[in-house]
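In: how would this look folded up:
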Amino acid sequence: MEPTLKGTVALVTGASSGIGAAAATALAAQGAAVALAARRRDRLDTLAAGIRDQGGTALVLESDITDQQQAAGAVERTVAELGRLDTLVNNAGVMLLGPVVGAPLQEWEQMVRLNVLGLLYCAHAAVPHLLAAAGDGPRHVADMVNISSVAGRAARNGSAVYSLTKHGVGAFSESLRQELAGRYVRVSLVEPGATATELASHNRPEVLASIRNQFGQRMEAEDISDAITYIVTRPRHVAVNEMLVRPTEQER
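Out: Numbering: from 1, shown residues only. Below you'll find the predicted structure:
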């Protein structure tokens, strides 16, 4: 049997590590040509080489999607160099936790710029191409997968602004899902629980020390890439609107 995504093109943001890198590898294994967007060129080059070694096609896009022109440029380069865009995985994000009182304002701004504006910039640029792919693509369906978090379901002490951004991603995804459903562009939301990635390591040392004991059992990035792959490989008449994935032992 041919790979399910043969003949399609996927763009993954935040592809230099963690869930993004795992998702790009998994989609390539399903036959998609993958465009890899992130700031760390060296990591993207290594990931692309691994995909090519397995017979896949990978395009490296060194870009900072908090810049609207770079975000739009990543989408346009994907289409120009790989021929189309069938799948967008909006994965890039940052999680900076800690109390509101005394928090550095730049951390809040950083989360809003990447988790919200970066995602919106990519979505805005991609939607026309996804609509085109749903109309004339090999599968006659296209996908936008937005990566949120358990924090997009319930706000907790110490995650106020991170939760704000992820609740926003959920609201945007559901509204856009309704708008595009009849045109066979599926908009899906994936909400991971505790996952072993670099995400927590970006916190200030004092915050990292306070949250280290909060995370018990963790999933691997590949567990979430499995969820993404499941979503985008469903037949045309099936849409997975939302998927919440936690480690078995995680209670909240």
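In: Which helix or strand in this protein has the lowest average pLDDT?
Out: Using mean pLDDT, DSSP states H and E, the weakest-scoring helix or strand in the chain turns out to be helix 205-211, at a mean of 66.
In: following that one, which helix or strand shows up next?
Out: Later in the chain than helix 205-211, the nearest helix or strand by DSSP states H and E is helix 221-232.
In: Need the residues that contact that following helix.
Out: Applying CB atoms under 8 Å, 6 or more residues apart in numbering, the external contacts of helix 221-232 come out as 5, 10, 18-19, 21-23, 25-27, 30, 87, 89, 143, 145, 147, 186, 188, 190, 192, 195-197, 240, 243, 245. For the C-beta atoms, the positions are set from N, CA and C on the backbone; glycine is no exception.
In: swap in stretch 20-27?
Out: The contact list for stretch 20-27 (CB under 8 Å, 6+ apart) reads 5, 10, 12-15, 34, 36, 38, 43, 47, 50-51, 58, 87, 89, 91-92, 220-222, 224-226, 228-229, 232.
In: In PyMOL, how would I select just the buried ones from those?
Out: To isolate the buried subset of the contacts of stretch 20-27 in PyMOL, counting by 16 or more other CB atoms under 10 Å, use the following:
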select buried, resi 5+10+12+13+14+15+34+36+38+43+47+51+58+87+89+91+92+221+222+224+225+226+228+229+232
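In: average pLDDT across stretch 183-194?
Out: Averaging pLDDT along stretch 183-194 yields 96.
In: could you point out the longest helix in this structure?
Out: The helix spanning the most residues in the chain, taking DSSP state H as the definition, is helix 160-180.
In: So residue 12 belongs to a strand, correct?
Out: Yes: the assignment for residue 12 by DSSP: H, G, I helix; E, B strand; the rest coil puts it in a strand.
In: Tell me the spacing between the residue nearest in space to the middle of the chain and residue 228.
Out: What sits nearest the mean C-alpha location of the chain, by CA atoms, centre = their mean, is residue 91, with 1.8 Å. From residue 91 across to residue 228, the span is 8 Å (CB to CB, to the nearest Å).
In: now swap in residue 172 and tell me
Out: 18 Å.
In: Report the buried members of the contacts of helix 221-232.
Out: Buried among the contacts of helix 221-232 (16+ other CB under 10 Å): 5, 10, 18-19, 21-23, 25-27, 30, 87, 89, 143, 145, 147, 186, 188, 190, 192, 195, 197, 240, 243, 245.
In: Looking at the residues you listed, which are in helices?
Out: Per DSSP H, the buried ones among the contacts of helix 221-232 map to helices at 18, 19, 21, 22, 23, 25, 26, 27.
In: As CSV, those with distance to residue 160 and pLDDT would be great.
Out: Formatted as CSV, these follow (distance: CB to CB, whole Å; pLDDT from 0 to 100):
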residue, distance to residue 160, pLDDT
18, 23, 95
19, 23, 96
21, 29, 97
22, 29, 97
23, 28, 98
25, 34, 98
26, 33, 98
27, 33, 98
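In: Could you dump those into a markdown table and include distance to residue 133?
Out: Formatted as a markdown table, these follow (distance: CB to CB, whole Å):
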| residue | distance to residue 133 |
| --- | --- |
| 18 | 26 |
| 19 | 23 |
| 21 | 23 |
| 22 | 23 |
| 23 | 18 |
| 25 | 22 |
| 26 | 19 |
| 27 | 14 |
